[in-house]
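Participant: Got a predicted structure here, sequence first:
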There are 2 protein chains.
Amino acid sequence: MAGGGDTGGGYAYNFCAGPATLPRSVMRRVREEFAAHADDGASIVEISHKSPRFTALLESAVTRFRELCGVPDGHHVLFVHGGARMQCSAVPLNLVSRSPSRTSGYVETGFFARQARAEGARYGTAAVVASSADTGFDRIPAVYPDDCPPDAAYVHLTSNNTVYGTRWHSFPHGLPAPLVADATSDVLSRRLDFSRFGVVYAGFQKNLGPSSLALVVVRDDLLGHALPGTPLLLDYAVYAESRSLHNTPNTFALFVLSLVLDWVGEQGGLDAVERADRDKADVLYRELDRSAFYRPTAHPAHRSVTNITFRLPDARATADFLRRADAEGLRGLAGHRSVGGVRASVYNGMPPAGVRALAGFLREYERTRG
Amino acid sequence: MAGGGDTGGGYAYNFCAGPATLPRSVMRRVREEFAAHADDGASIVEISHKSPRFTALLESAVTRFRELCGVPDGHHVLFVHGGARMQCSAVPLNLVSRSPSRTSGYVETGFFARQARAEGARYGTAAVVASSADTGFDRIPAVYPDDCPPDAAYVHLTSNNTVYGTRWHSFPHGLPAPLVADATSDVLSRRLDFSRFGVVYAGFQKNLGPSSLALVVVRDDLLGHALPGTPLLLDYAVYAESRSLHNTPNTFALFVLSLVLDWVGEQGGLDAVERADRDKADVLYRELDRSAFYRPTAHPAHRSVTNITFRLPDARATADFLRRADAEGLRGLAGHRSVGGVRASVYNGMPPAGVRALAGFLREYERTRG
């Protein structure tokens, strides 16, 4: 692996928040698949989802995901059309009927958490259980069981917040309703105790593969409660019964997922990947904390491991930083349009060399800025 | 292009009904894209859907689809998560409120038409306007305006029926409600007069690209009538307003679509592709009609151009035929599990050489069968 910034040699690093860099060996295998079928029109995206090859791939992916992540027997692993945003509708459609008053709880920790609540509010009362809006979403708020409506069907949280660079390092206990987590940006990068969640869902396009599919891990007893009028393909029970094959799924995304799961295994499993992600984040936070020039935006106790957000003294410096980084082959570093600043998204697919290159650039930029 | 059956040389033909063979030059360009980004983790599936590269690709695809297919100004071209089956819910959710009695009409022409009606019936009264069930779906039934409920919000039909090998060669006139067509299996293989349809939708995985995305061409005045509780990402108005970018779309499918549209242009446009598809179908029907051994299942006046269905004398002969065809590199020829028999799906991506190889095998098999 060449050092960062060596764009002359063709090496560059893409810190985009998602769709995001996938492991390079995974993308090599994608190329090999398409090359192997150059002459027969039967690559993995050109064959029936009911063919033995595809059904074996899907079954194996489910089994390996369960093993790698320790999904307990009492939970189903499903793959649902659309990304995480489709789940903002699917969660209330599948779960809210369990509350006689159609009440749910949401923890507000930023942009996507608010989007989820807005959609939840279309199917009942979506109470804010806790919020860090008053500190600009720079932290994860404390959640008190007494603040949760006692008849809530579920309490929704976003386990990692890509826009604000925060994450839940531990999850609330003692709530009167099942936890539901949007784990889009940290699935497969940390060990989650799925037994503590009613539903964990994740859009594919950070750590799992390409876009427009969602992983849904759902506790068996939550199946079968969909509201009348729930579209057939948003009803978790339909996916559970058909093993996610009621109709043609996103076969390319599932193929890439199967390669990603191979890759996780090759790295030594989920704990090894979690350590590697932690190490990559540490390299960057260490560099940011070393200097008063860069200002990380998240409270130190609530920092994300996958989305490292920081600010420069002013907008002019930020624009100059992003321009020079890009010229050095360090791409996709602009913060989310709603907050600005800089964001380095460092998912599983980002090689350690990319993080070292960015750390080197942080030092170099501070030293040589105009 | 080698002759059919030359599997020793690596050539084979995939007649799968979908996901289906894509043009080989399209798949070559997919490989080139991934090869070009082998070292920077920024292939088209690894970058933001809001990046200039992706938004330009999407805008260009919409413009070129409109031009190639002659979509009139008064219709939107949208790309909606999930395939055609998700549209079985989206159509009533978006349209049925236009009928005070929530009534819609469906023409029953086979398996997927019935699935569509079953989902429509969950949102109101889904009347059968016409059906060919009594002749085993071997034809397209006549549709009489008087059989259509006068207050129907729409009348749904399936423009090509993959399971039974039939298609609408002309569409009904004088109905009291907008026509809605599921054109999954003939989109981009025939000229449609979109001005005659309120909605035309098509899953991607036959002629447009890989699975889990739907093209939706919708007349502007039908936007904005979604039922309360319609999931945000099934509301056509949300896609129209965001130019299909309200959230991360299926970026791989849209990338492949853009290559497919290039390919259609290179073939000489839609009329040239339609002629080529007609020619391919003619080669096979001529061969089937020449012999009393093979029995095409569709009424001659209603034959599909893309799905050629036929039977052999008995199940043993069918199994033997499929086994020998497969050994000759002619794959995916089994009929749909609900009807059996043989089905050759000949979408845009099937090269003429594949059809000639199959025609040769039809002759050879009849001559040499045990």
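Facilitator: Noted; the coordinates are in hand.
Participant: wait, does stretch A:48-63 contact chain B?
Facilitator: Yes - if you take CB under 8 Å from any CB of the partner chain as the test, stretch A:48-63 does meet chain B, through A:48-49, A:51. Bear in mind the C-beta positions are built from the backbone N, C-alpha and C, glycine included.
Participant: how about these in TSV, adding pLDDT and neighbour count?
Facilitator: Listed next are the residues of stretch A:48-63 next to chain B as TSV, based on pLDDT from 0 to 100; neighbours: other CB atoms under 10 Å in any protein chain shown:
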residue	pLDDT	neighbour count
A:Ser48	95	20
A:His49	96	22
A:Ser51	95	17
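Participant: wait, which of these is closest to chain B?
Facilitator: For the residues of stretch A:48-63 next to chain B, the closest approach to chain B (CB to the nearest CB) belongs to A:Ser48, at 5.2 Å.
Participant: Need the nearest residue in space to that closest one, chain neighbours excluded.
Facilitator: Sequence neighbours aside, B:Cys16 is the residue nearest to A:Ser48 in space, at 5.2 Å (criterion: CB to CB, 6 or more residues apart in numbering or on different chains).
Participant: what's the spacing between that neighbour and B:Leu312?
Facilitator: Using CB to CB, to the nearest Å, B:Cys16 is found at 19 Å from B:Leu312.
Participant: Those two - which one has more neighbours?
Facilitator: Here B:Cys16 and B:Leu312 are set side by side on neighbour count (other CB atoms under 10 Å in any protein chain shown), and the busier one is B:Cys16, at 24 against 20.
Participant: which residues of the stretch 151-300 of chain A fall in strands?
Facilitator: Taking DSSP state E, counting those that start in this stretch to define them, one finds strands in the stretch 151-300 of chain A at A:155-158, A:160-161, A:166-167, A:179-182, A:197-203, A:213-219, A:295-296.
Participant: Mean confidence (pLDDT) on the third one, please.
Facilitator: When the per-residue pLDDT values of strand A:166-167 are averaged, the result is 98.
Participant: Name the surrounding residues that touch that strand.
Facilitator: Strand A:166-167 has contacts (CB atoms under 8 Å, 6 or more residues apart in numbering or on different chains) with A:109-110, A:132, A:137-140, A:159-161, A:186, A:298-299, A:302-306.
Participant: in stretch A:71-80, what's buried?
Facilitator: Neighbour counts using 16 or more other CB atoms under 10 Å in any protein chain shown place A:71, A:75-80 of stretch A:71-80 among the buried residues.
Participant: Then stretch A:312-325?
Facilitator: Residues of stretch A:312-325 classed as buried by neighbour count (16+ other CB under 10 Å): A:312, A:317-318, A:321-322, A:324-325.
Participant: got it, and stretch A:89-107?
Facilitator: Neighbour count says stretch A:89-107 has A:89-99, A:102-107 buried, by 16+ other CB under 10 Å.
Participant: Likewise for stretch A:62-71?
Facilitator: Buried residues in stretch A:62-71, defined by neighbour count with 16+ other CB under 10 Å: A:62, A:64-66, A:68-69, A:71.
Participant: What separation do you get for A:Val339 and chain B?
Facilitator: A:Val339 sits 15 Å away from chain B, taking CB to the nearest CB, to the nearest Å as the criterion.
Participant: And the closest residue to that residue other than its chain neighbours, what's its pLDDT?
Facilitator: Across the structure, with CB to CB, 6+ apart as the measure, the residue nearest A:Val339 apart from its sequence neighbours is A:Val163 (6.0 Å). Note for A:Val163: predicted pLDDT of 96.
Participant: Please name the residues that touch A:Val163.
Facilitator: Residues touching A:Val163, when contacts are defined by CB under 8 Å, 6+ apart, comprise A:110-112, A:137, A:307, A:309, A:335-336, A:338-339.
Participant: Likewise for A:Ser185?
Facilitator: A:17-18, A:159-162, A:206-207, A:304, A:306-307, A:345, A:347.
Participant: Among those, which one has the most neighbours?
Facilitator: Using other CB under 10 Å as the contact criterion, the top neighbour count among the contacts of A:Ser185 goes to A:Lys206, which has 31 neighbours.
Participant: wait, doesn't that one sit right on A:Leu22?
Facilitator: No - here A:Lys206 does not reach A:Leu22: they are 9.8 Å apart, not a contact under CB atoms under 8 Å.
Participant: How about the residues of the stretch 101-250 of chain A by chain B?
Facilitator: With CB under 8 Å from any CB as the criterion, the stretch 101-250 of chain A comes near chain B at residues A:119, A:122-123, A:203, A:205, A:210-213, A:227-229, A:231-234, A:246-250.
Participant: returning to that earlier point: out of the residues of stretch A:48-63 next to chain B, list just those in helices.
Facilitator: Where the residues of stretch A:48-63 next to chain B are compared with helices, as defined by DSSP state H, there is no overlap at all.
Participant: Closest one to B:Val218 out of those, please.
Facilitator: Proximity of those to B:Val218 (CB to CB) peaks at A:His49, which lies at 27.0 Å.
Participant: From B:Ser212, how far off is that closest one?
Facilitator: 10 Å.
Participant: Check the contact lists of the two and give me the overlap.
Facilitator: When CB under 8 Å, 6+ apart defines a contact, the residues bordering A:His49 and B:Ser212 alike are A:248-249, A:251.
Participant: need these in a markdown table with distance to B:Ala292 and neighbour count, can you?
Facilitator: Converted to a markdown table, those look like this (distance: CB to CB, whole Å; neighbours: other CB atoms under 10 Å in any protein chain shown):
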| residue | distance to B:Ala292 | neighbour count |
| --- | --- | --- |
| A:Thr248 | 36 | 23 |
| A:Pro249 | 41 | 23 |
| A:Thr251 | 39 | 25 |
